[in-house]
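S.K.: Sequence first, predicted model second:
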Amino acid sequence: MTDSFVFQTQELPQKLSQTSEGSLTGYWLCEFFPVGHNRYGEQFYIGLLQGQVVFSGQQISWEALIKALQRYVPRLRSEAAKHAISIVRQRLQPKQQNPQSGELLALFAQLYQANVISHQEVIEALRLKILSDFDTCLFKYAGKAQFIPFPQLDNEVPIAGFDLQKLLSEAEQRQVWWSRLQPQISSMNCVPVLNQRAVEAANLTPKQKQRLEVLTANGKTLDEIAFAFAQDSLEIAEVFARLVKDGLITLTSSFAAREFSGATHQDPVPQNFSSKILVVDDSPLLLKQFANLVRRWGYQVKTSTNPETVVELMLQIHPAIVFLDVNMPGVSGFDLVKQIRRCPEFEKIPLIILTAEKTLTNNWRARWSGCRFLTKPLAPDEVSQFQVELHMLLEELLSLPAAHQVKYPSRQDDSQYQLRNSSV
């Protein structure tokens, strides 16, 4: 057996399969190359007991085991369970990082006896934890791996372990599923935002609508939702991919979601960049709210309440995109479009018609004029949807900072959405 090897991206599963014998007890220590550097970075452990996988991510310990179990067994988060775990934990020697030989198994036996958790729950939770770790680390990096014998594991792990070849095969299948979900779920750090109009128009039961509202109520990321429901992240991604495909929700970055939910001026503001936005409207209040919102997304914004001086202002600041109200005194938004298009330097600049009147006439005139169309919110419950649509529009027409880019898929079919009984 080779006790160390170097691997390229996507090679680690195959190398582990080839080099891991059935009698191995210890840890594979994988050190990954940081992107763009020639030194090793993050460490990732895979614990083996007689060739069976028993843990991953780090070396096994009481704290690491309890944290993994609380991720997938929600009743362990209750105060009663935490108290029981604390009492058992106190049996370890003070300040002791790792229990004595066989002690960890004895502690878990006490948890089983007190009905804090069952052995089957431990098995399933650790299996999901290992698969989740494999999703993150097994296929994405290059680096080196070294096997470190650790015979003490024989007396310290609460499970017999999982067949390495079967786990690697399942991990590869999960990669296929993640790839299929990519058009809808670009990141588990995205936040789902309810498309209220689509939900009202859909053929959903009151219970299904209520469930969707609960899932999107608190501005949690998909990862946080998976944790809250103690479910596999891949299953959560599958549920939300269907919701996105059916147009019932939109995904946005966590930063933008804080804005949608009313983030305060104390929230961190990303560094500004060169794309300038010009907003023309006769409402000072709307201009202030619009400018505050997009500035927090990282854009430079200039506003104007005087449509008669807009062309002159554009020649001064050279905006990357212009939002125009339709109904303004003196010069209408569509008249202003004609003036702007007469200037050769502004022939191809994106113009967005911004109006509270969502009529077919305005929409048609906007398209005929070569403009996009964005409807102002008329009621408080329409604000979130307006901000989502605005964010999508800016992502499409301008460059957001990389940390805030989110892929928004279009609705691909008209199939009726059905909530699975087994899903959240």
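M.R.: Yep, that arrived.
S.K.: mind checking how far the residue of the chain most remote from its centre is from Leu354?
M.R.: In the chain, the greatest distance from the average C-alpha position (CA atoms, centre = their mean) is reached by Gly330, at 46.1 Å. Separation of Gly330 from Leu354 (CB to CB, to the nearest Å): 17 Å. Where C-beta positions appear, they are placed from N, C-alpha and C, glycine not excepted.
S.K.: If Thr375 is in a bridge, with which residues?
M.R.: In this entry, Thr375 is beta-bridged to Thr355, by DSSP bridges.
S.K.: residue contacts, it?
M.R.: Residues near Thr375 by CB atoms under 8 Å, 6 or more residues apart in numbering: 355-356, 358, 386, 389.
S.K.: how much space between it and Val322?
M.R.: Taking CB to CB, one finds Thr375 at 17 Å from Val322.
S.K.: Ok, Leu394 next?
M.R.: 13 Å.
S.K.: joint contacts of those two?
M.R.: Counting by CB under 8 Å, 6+ apart, the common neighbours of Leu394 and Val322 are Ile277.
S.K.: Any stretches of the chain with poor pLDDT?
M.R.: 1-2, 34-41, 91-102, 253-275, 357-369, 379-381, 399-424 (pLDDT under 70).
S.K.: tally of neighbours for Glu347?
M.R.: By other CB atoms under 10 Å, 10 other residues sit near Glu347.
S.K.: I'd like to know how far Glu235 sits from Leu212.
M.R.: From Glu235 to Leu212 the distance is 17 Å (CB to CB).
S.K.: I should have written Lys348 there, sorry.
M.R.: For Lys348, the distance to Leu212 - CB to CB - is 40 Å.
S.K.: more crowded one of those two?
M.R.: Neighbour count, other CB under 10 Å: between Lys348 and Leu212, Leu212 has more, with 22 against 9.
S.K.: Give me the secondary structure label for the more buried one.
M.R.: At Leu212 the chain is in helix, as set by DSSP: H, G, I helix; E, B strand; the rest coil.
S.K.: likewise Ala68?
M.R.: Strictly by three-state DSSP, Ala68 counts as helix.
S.K.: That one contacts Leu126, correct?
M.R.: Yes. Using CB atoms under 8 Å, Ala68 is in contact with Leu126, at 6.3 Å.
S.K.: is it true that Leu12 touches Phe139?
M.R.: Yes. The criterion here is CB under 8 Å, and Leu12 meets it with Phe139 at 7.2 Å.
S.K.: Find residues that contact each of these two.
M.R.: With CB under 8 Å, 6+ apart as the test, Leu12 and Phe139 reach no residue in common.
S.K.: So for the two, which residue has more residues nearby?
M.R.: The neighbour count for Leu12 versus Phe139, taken as other CB under 10 Å, is higher for Leu12 (26 against 17).
S.K.: what's near enough to touch the spatially closest residue to that one that is not a sequence neighbour?
M.R.: Closest residue to Leu12 apart from its sequence neighbours, by CB to CB, 6 or more residues apart in numbering: Leu138 at 5.4 Å. By CB under 8 Å, 6+ apart, the contact set of Leu138 is 12-13, 168, 171.
S.K.: mind listing the helices in the stretch 1-150 of the chain by residue range?
M.R.: Assigned by DSSP state H, counting those that start in this stretch, the helices in the stretch 1-150 of the chain fall at 12-19, 62-72, 79-89, 103-113, 119-137.
S.K.: can you list the domains in the protein?
M.R.: Using automatic domain parsing, the domain parsing of the chain gives 4-180, 185-252, 276-404.
S.K.: Show me which of these has the highest average neighbour count.
M.R.: Mean neighbours per residue, mean count of other CB atoms under 10 Å, is largest over the domains of the chain for domain 185-252, with a mean of 18.
S.K.: can you tell me the distance between the two ends of that domain?
M.R.: This stretch, domain 185-252, spans 10 Å end to end (CA to CA, to the nearest Å).
S.K.: what do you get for stretch 53-65?
M.R.: End-to-end distance of stretch 53-65: 14 Å, with CA to CA as the criterion.
S.K.: which residues touch the closest residue to Tyr72 other than its chain neighbours?
M.R.: Leaving aside its chain neighbours, Tyr72 sits nearest to Ala125 (3.8 Å; criterion: CB to CB, 6+ apart). Each residue near Ala125 by CB under 8 Å, 6+ apart is listed here: 68-69, 71-73.
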